[in-house]
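**Q** Pasting the sequence and the predicted coordinates here, then a few questions.
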Amino acid sequence: MIRLNLTATPQWLDLAPGLRLLVGPLTTALMVSARADAAIEAMPDTATTEELALAMAKAVARRAVLDWEGVGDAEGEPVAVTPDRIDALLEIWPVFEAFQTQYVARGLILDAEKNASALSPTGPSAGAIATAPPAQTSVKTARQD
């Protein structure tokens, strides 16, 4: 069941102890915008799945992250959200994984659901409808020369 959240209010994601991000809703507009991100467009055809996943996560995060708590500079002073800092934050493996799981995956799971095959009339999910009527009479096999 898809649960519709029509409030469209930002939510806090707890990604690690002491680290949380305030993110806007994961909307179609946000995902379409992220897919058209210049960094995604600039990826070479030889880019690996992992490289594409990181670039996409960064593109989504740059659009979604509104605020954060628990992010600081080298001296431990809190820093403001900027695109470069979001990219740097996602270079930290556990943060990337948590962001992927808690935020990006929600959209991708729904997107993947539309990639299913149709029901097979002879398989375990029998239920597809016939598209042609059965032949009325049998015919001879074609000659093989």
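**A** Cool, the structure landed.

**Q** Which parts of the protein are strands?
**A** Taking DSSP state E to define them, one finds strands in the chain at 11-16, 19-23, 65-69.

**Q** Can you say which of the ones you listed is nearest to residue 43?
**A** Ranking those by proximity to residue 43 (Cβ to Cβ) places strand 65-69 first, at 21.3 Å. All C-beta spots, glycine's among them, are computed from the backbone N, C-alpha and C.

**Q** In stretch 53-66, which residues are buried?
**A** 54-65 (16 or more other Cβ atoms under 10 Å).

**Q** now what about it, what contacts it?
**A** With contact meaning Cβ atoms under 8 Å, 6 or more residues apart in numbering, stretch 53-66 is reached by 10, 21-24, 26, 30-31, 33-35, 37, 39-40, 43, 47, 81, 83, 86-87, 89-90, 96, 99-100, 103-104.

**Q** Next step: those restricted to helices.
**A** Judged by DSSP state H, those include 30-31, 33-35, 39-40, 83, 86-87, 89-90, 96, 99 as members of helices.

**Q** Distance check, residue 70 against residue 106.
**A** Residue 70 sits 22 Å away from residue 106, going by Cβ to Cβ, to the nearest Å.

**Q** are any of the contacts of stretch 53-66 buried, and which?
**A** Buried by 16+ other Cβ under 10 Å: 21, 23, 26, 30-31, 34, 37, 81, 86-87, 89-90, 96, 99-100, 103-104, out of these.

**Q** that older thread, make TSV from the ones in helices among the contacts of stretch 53-66 and add pLDDT to it.
**A** Formatted as TSV, the ones in helices among the contacts of stretch 53-66 follow (pLDDT from 0 to 100):
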residue	pLDDT
30	93
31	91
33	94
34	93
35	91
39	93
40	92
83	97
86	97
87	97
89	97
90	96
96	95
99	96
